[in-house]
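Visitor: structure for this input, please:
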Amino acid sequence: MARYKPVDTSPRFLAVDLKRQLLPGGFEFAVDWLVDHKLDLSGFDARYKNDQAGASAYPPGMLLKVILVAYSQGIVSSRDIESACRHHITFIALSGDNAPHFTTIAAFVSGLGEEVAKLFARVLHLCDQQGLIGRAMFAIDGVKLPSNASKRKSGTRADFIRQEEKLKAAAQAMMARHRENDGKAQEPTLAQKEALHLERLEADAEKLHKWLDTHPEDRKGSRGSVRLSNRTDNESAKMATDKGVIQGYCGVAAVDDKHQIIIEAQAHGTGSEHALLIPIVEAIAPLATDQTLLTADAGYHSKANVTFLAERGIPALLADNGMRGRDERFKERHRHKARRRPLHHKGKTRLARHYRPQDFTYDPERGSCICPAGKALYQNGANCNHNGYIAVKFQGTRRDCEPCAQRDHCLRTPEKTKTRQVCFFRGNTNPQDSYVERMKRAVDSPEGKALYGRRFATVEPVFGNIRHNKGLDRFTLRGKKKVDGQWKLFCLVHNIEKLVRYGMKGMQETD
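Guide: Model (predicted):
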């Protein structure tokens, strides 16, 4: 029978040069070299006050190496990173056989603050030095991810006040029941359960009361609206996604089309994407040229954004909501929309309370309009300017409207309004000079379709890499500043991977 040498896969003592475990050409080797030779970490020194007294701290460079490599392998949990530093040879080599506690790792990530922005900018500068940024097109897009916040604890101040009142009422009812049962025999276990339940009710009511005291006003939204607050992370937002409604943040990225380098990364606690375009455009302005084309999907399209770009002479292609309806390539898109939208009303379908313009029969050639009751309305304006749009107005007569049996369905205030008016729009007052119309023509042109089509191949693979390959399915922190830092860390990992693949060798040779 053949004899073989024994193979011990778990040796306890092994003479190993840890530095040699980081193989040249790999991501771990690149991170180790970049942190030691190219990144300025002196800004972290101000955090420590142990020059004369106190215990020694873990070097920020070592912690940064471990976290970047862990994120590149889909390890996000600080406990899992600590475990890797104890048992995985690559992490043992990066940490110098140190095993920082998971609380140390978590505190370092959550406290990166402005330093991560400086690191991101430095790596971006190295990518630019190696010619990895083409500046031909910057594609802007965002991904909505849940955060470490409870969706159930979202609402307005009025909602929280009602919850507090319900908790107090339930606690008082339970206390009254206890007083009634004081003279009766009761099982000890049941009494203990009810006492614990009462403590939880009172504690929850006290937490709600403290939160209402520290937040005297609702969050303000656009146009004076009220945004939902969240008692676990008040800077996060409730957002609609293809997977349902989440409580989290929107991670926005601007990506260069040459090598898919992320040139700007920001995280915002809002689901309104069109409000995020201008901050991104202003942030990437130093990197852009006069010929750099900006592309973004319909979520970033608004009259204000299109006007902002046009007035500053910034080349851009912003798709609008009707772009796919005008493009023959998407003519079969309706068969893929069988599912309801995430924010669709889950109860009965709500019907319109009053008749809308589409309920009236309008004939533009004859200039006539018939109401749902079959009465003719007379035209009282043919070329009216209504908020920049040309409109045709019709109004009913008093002899038809006052005795009509459908007044309650036709008029919002039938007791005050005598007759119904209806307005039909025919387009912009000056479509040739409208920035929105110009953008539509640019997107619909053959050249615009070809350029806009490149947007998908530029930005979508980046999100696929970060979400699928790196395992970022949710933010683990709370607060906009901390979440923004974690989003920049993942984007930093992506850029370092591109640097390793396309420009690392040349940079090391010239060092």
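Visitor: buried ones in whichever strand or helix holds Gly325?
Guide: Per DSSP states H and E: Gly325 is located in helix 323-326. Buried positions in helix 323-326, judged by neighbour count with 16 or more other Cβ atoms under 10 Å: Met323. C-beta coordinates here come from the backbone N, C-alpha and C atoms, glycine included.
Visitor: stretch 235-251 now?
Guide: Those would be Glu235, Ser236, Ala237, Lys238, Met239, Thr241, Ile246, Gln247, Gly248, Tyr249, Cys250, Gly251, for stretch 235-251 by 16+ other Cβ under 10 Å.
Visitor: quick one: contacts for the first one?
Guide: Residues counted as contacts of Glu235 (Cβ atoms under 8 Å, 6 or more residues apart in numbering) are Gly269, Arg478, Gly479, Lys480.
Visitor: how about the secondary structure of it?
Guide: Following DSSP: H, G, I helix; E, B strand; the rest coil, the label given to Glu235 is coil.
Visitor: could you do the last one as well?
Guide: Under three-state DSSP, Gly251 falls in the strand class.
Visitor: state the pLDDT value of it.
Guide: Note for Gly251: predicted pLDDT of 93.
Visitor: from what I see, it and Lys488 are in contact.
Guide: No. Applying Cβ atoms under 8 Å as the test, Gly251 and Lys488 come out as separate, 9.3 Å apart.
Visitor: could you name every residue contacting both of the two?
Guide: Ala265.
Visitor: quick revisit: beyond the helix holding Gly325, next helix or strand please.
Guide: Heading C-terminal from helix 323-326 (DSSP H and E), you reach strand 361-363.
Visitor: so where's this protein uncertain?
Guide: 12, 181-188, 190-191, 221-224, 330-352, 386-388, 427-433, 505-511 (pLDDT under 70).
Visitor: and the spatially closest residue to Pro357 that is not a sequence neighbour, how close does it get to Arg412?
Guide: Once flanking residues are discounted, Pro357 sits nearest to Val422: 5.3 Å by Cβ to Cβ, 6 or more residues apart in numbering. Counting by Cβ to Cβ, to the nearest Å, the gap from Val422 to Arg412 is 13 Å.
Visitor: and those two? which has more neighbours close in?
Guide: A count of neighbours by other Cβ atoms under 10 Å puts Val422 above the other of Val422 and Arg412, at 20 against 10.
Visitor: secondary structure of the more buried one: a helix, I assume?
Guide: No. Per three-state DSSP, Val422 lies outside any helix segment and is strand.
Visitor: all further residue positions should be reported with the first residue as 55.
Guide: New numbering, starting at 55: the last item is Val476.
Visitor: the residue nearest to Pro411 reaches Tyr432, doesn't it?
Guide: No. Shown here, Val476 and Tyr432 do not form a contact pair, counting by Cβ under 8 Å, at 11.4 Å.
Visitor: between those two, which contacts overlap?
Guide: Phe448, Gln449.
Visitor: what number of residues lie near Asn519?
Guide: Asn519 has 17 nearby residues by other Cβ under 10 Å.
Visitor: so which helix or strand takes in the residue lying closest to it once chain neighbours are set aside?
Guide: Excluding its sequence neighbours, the residue lying closest to Asn519 (Cβ to Cβ, 6+ apart) is His548, at 6.0 Å. In this assignment (DSSP H and E), His548 forms part of helix 534-556.
Visitor: can you say which of the contacts of Glu289 are buried?
Guide: Buried, going by 16+ other Cβ under 10 Å: Gly323, Arg532, Gly533, Lys534, out of the contacts of Glu289.
Visitor: the first one contacts Ser290, doesn't it?
Guide: Yes. Look at Gly323 against Ser290 with Cβ under 8 Å: they come within range, at 4.8 Å.
Visitor: got a list of what Lys261 touches?
Guide: So Lys261 contacts Arg285 (Cβ under 8 Å, 6+ apart).
Visitor: against Arg273, how distant is it?
Guide: From Lys261 to Arg273 the distance is 19 Å (Cβ to Cβ).
Visitor: what ranges does the stretch 205-354 of the chain have for its strands?
Guide: 208-209, 273-274, 280-281, 283-284, 291-295, 298-310, 316-322, 347-350 (DSSP state E, counting those that start in this stretch).
Visitor: bridged to the residue nearest to the spatial centre of the chain, which residues?
Guide: Centrality entry for the chain: nearest residue to the mean C-alpha point is Cys304, 0.9 Å, by Cα atoms, centre = their mean. Beta-bridge partners of Cys304, counted by DSSP bridges, are Lys198, His322.
Visitor: what's the burial count for the nearest residue to His155 once chain neighbours are set aside?
Guide: Closest residue in space to His155, ignoring its immediate chain neighbours: Glu136 at 6.4 Å, by Cβ to Cβ, 6+ apart. By other Cβ under 10 Å, 22 other residues sit near Glu136.
Visitor: same deal with the one 10 residues further on?
Guide: Under the neighbour criterion other Cβ under 10 Å, Ile146 is assigned a count of 19.
Visitor: for it, give its distance to His251.
Guide: 48 Å.
Visitor: before we move on, the earlier item: the helix holding His548 versus strand 316-322: what angle between them?
Guide: 160 degrees (axes from the mean of the first three to the mean of the last three Cα atoms, to 10 degrees).
Visitor: then helix 534-556 to PDB, C-alphas only?
Guide: Taking C-alpha atoms only, helix 534-556 is exported to PDB below (Å, rounded to 0.1, in the frame of the first residue of the first chain):
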ATOM      1  CA  LYS A 534     -26.200  61.100   7.500                       C
ATOM      2  CA  LYS A 535     -22.600  61.900   8.300                       C
ATOM      3  CA  LYS A 536     -21.700  58.300   9.300                       C
ATOM      4  CA  VAL A 537     -23.700  56.700   6.400                       C
ATOM      5  CA  ASP A 538     -22.000  59.100   4.000                       C
ATOM      6  CA  GLY A 539     -18.600  57.900   5.300                       C
ATOM      7  CA  GLN A 540     -19.500  54.300   4.900                       C
ATOM      8  CA  TRP A 541     -20.800  54.900   1.400                       C
ATOM      9  CA  LYS A 542     -17.500  56.700   0.500                       C
ATOM     10  CA  LEU A 543     -15.500  53.700   1.900                       C
ATOM     11  CA  PHE A 544     -17.200  51.200  -0.400                       C
ATOM     12  CA  CYS A 545     -16.700  53.600  -3.400                       C
ATOM     13  CA  LEU A 546     -13.100  53.900  -2.300                       C
ATOM     14  CA  VAL A 547     -12.700  50.200  -2.400                       C
ATOM     15  CA  HIS A 548     -14.200  50.200  -6.000                       C
ATOM     16  CA  ASN A 549     -11.700  52.900  -7.100                       C
ATOM     17  CA  ILE A 550      -8.700  51.100  -5.600                       C
ATOM     18  CA  GLU A 551      -9.800  47.900  -7.500                       C
ATOM     19  CA  LYS A 552      -9.700  49.900 -10.700                       C
ATOM     20  CA  LEU A 553      -6.400  51.400  -9.800                       C
ATOM     21  CA  VAL A 554      -5.000  47.900  -9.200                       C
ATOM     22  CA  ARG A 555      -6.200  46.700 -12.500                       C
ATOM     23  CA  TYR A 556      -5.200  49.600 -14.800                       C
END
